[in-house]
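Asker: Sequence first, predicted coordinates after that:
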Amino acid sequence: KAALSTARLDWKLHLFPELDSTNEMAKKLIREGQAAEGTVIISRQQSRGKGRRGRSWQSPLGGLWFSIILRPELALSEVVLLSLVFAVAISQALDSFQFFDPQMIKWPNDVYINGKKVAGILLELSGELEQADYLVVGIGINVNMDRASLGRGLAKTATSLWEESGTYYQMGEVLLRVLQSIEEYYYEFLKNGFEDIRKEYKSRCFHLGKMIRLDTPRGSVEGLNLNIDEQGNLIIDSGDSIECLNTGDVALLAG
Ligand code: BTN
């Protein structure tokens, strides 16, 4: 257990060799009443890493798998925006490693390099439904994994910092940069709201203004991605109608 002080969040880092999921461990600490804001659970690997929409998340050695516990005093509608805010924070942090196209974000909160996913965020609430007491921000970043350890099915759609740059990264340095960036954007959001961050989100989003397909649990929508609105919704002009959507997976359409 190590402590690291930055301007505002009092980070408390807990490093584990292996967990089922850092999000699950974070929620366990919350249930046990041991969850100060700024607690960070890191695991070298996860046996049952969780992704968005009920998917599993491959978490071998060589990746950065961690969960941050926060206690924002926000309404649910604002908490939802935090997942977009943190996507900007992560892409800013990775961008600061200098070599990427800054247009890394895929709505709502995936981070891509050269068309392949490098990082994802899983936000979980714990506490009352209307007023989230605790927020668990689970972040997975493919750092030093090679193609083989990304897994056979994933090599086409996922990548790692190592694969894209041929450079080996110090995990601690990547973690620090991401935590600093998260802190910066978190307080910017608490202080000034979403609007400026939304502008940055839109400039970092690679499918805005393009033809996309959104696959949702209730079917697919195709059309021009017009906007990301103030509530974080994806706005698509399908030709027949303007659709405002709050969940799904974006795919770029060719051409
Ligand atoms: C996604 O893009 O589907 C979200 C992936 C989130 C993965 C991270 S790894 C650390 C934390 N613990 C988990 O079980 N999941 C998140």
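Answerer: Alright, I've got the coordinates.
Asker: Where does the stretch 51-200 of the chain get nearest to the ligand, residue-wise?
Answerer: G120 (2.2 Å; C-beta to the nearest ligand atom). All C-beta spots, glycine's among them, are computed from the backbone N, C-alpha and C.
Asker: Correct me if wrong: that residue contacts Y112.
Answerer: No - under the criterion of C-beta atoms under 8 Å, G120 makes no contact with Y112, lying 10.0 Å away.
Asker: residue boundaries of the strands in the stretch 151-255 of the chain?
Answerer: 211-216, 219-228, 234-237, 242-245, 249-252 (DSSP state E, counting those that start in this stretch).
Asker: I'd like these as CSV, with mean pLDDT, distance to V40 and mean neighbour count appended.
Answerer: CSV is the format used below for these (pLDDT from 0 to 100; distance: least, C-beta to C-beta, whole Å; neighbours: other C-beta atoms under 10 Å):
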stretch, mean pLDDT, distance to V40, mean neighbour count
strand 211-216, 97, 32, 17
strand 219-228, 97, 28, 16
strand 234-237, 98, 30, 20
strand 242-245, 97, 32, 15
strand 249-252, 96, 28, 16
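Asker: Out of those strands, which gets nearest to F86?
Answerer: strand 219-228 (14.7 Å; C-beta to C-beta).
Asker: Which other helices and strands does that closest one contact?
Answerer: When contacts are defined as 3 or more C-beta pairs under 8 Å, 6 or more residues apart in numbering; DSSP states H and E, strand 219-228 packs onto helix 195-204, strand 211-216, strand 234-237, strand 242-245.
Asker: could those be laid out in a markdown table, adding distance to L19?
Answerer: Output for these, formatted as a markdown table (distance: least, C-beta to C-beta, whole Å):
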| stretch | distance to L19 |
| --- | --- |
| helix 195-204 | 30 |
| strand 211-216 | 30 |
| strand 234-237 | 32 |
| strand 242-245 | 33 |
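Asker: so which of the ones you listed gets nearest S83?
Answerer: For S83, the closest of the helices and strands packed on strand 219-228 is helix 195-204, at 10.8 Å, according to C-beta to C-beta.
Asker: Report the contact partners of the residue lying closest to T39 once chain neighbours are set aside.
Answerer: In space, and not counting its chain neighbours, T39 is closest to I69: 4.3 Å by C-beta to C-beta, 6 or more residues apart in numbering. Contacts here follow C-beta atoms under 8 Å, 6 or more residues apart in numbering; on that basis I69 touches 26, 29-30, 35-41, 134-137.
Asker: Restricted to strands, list those residues.
Answerer: Taking DSSP state E, the ones among these that sit in strands are 39-41, 134-137.
Asker: Of the residues you listed, which is the most crowded?
Answerer: Per-residue neighbour counts (other C-beta atoms under 10 Å) across the ones in strands among the contacts of I69 peak at I41, which has 27 neighbours.
Asker: just checking, the residue of the stretch 51-200 of the chain closest to the ligand is part of a strand?
Answerer: Yes - assessed by DSSP: H, G, I helix; E, B strand; the rest coil, G120 belongs to a strand.
Asker: is it true that K106 touches K210?
Answerer: No - assessed by C-beta under 8 Å, K106 is found out of contact with K210, at 11.3 Å.
Asker: Could you export the strands of the stretch 151-255 of the chain as JSON lines, including distance to Y185?
Answerer: What follows is the strands of the stretch 151-255 of the chain, written out as JSON lines (distance: least, C-beta to C-beta, whole Å):
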{"stretch": "strand 211-216", "distance to Y185": "25"}
{"stretch": "strand 219-228", "distance to Y185": "16"}
{"stretch": "strand 234-237", "distance to Y185": "20"}
{"stretch": "strand 242-245", "distance to Y185": "24"}
{"stretch": "strand 249-252", "distance to Y185": "22"}
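Asker: Which among those strands is found nearest to S91?
Answerer: Comparing the strands of the stretch 151-255 of the chain by C-beta to C-beta, strand 219-228 comes nearest, at 14.0 Å.
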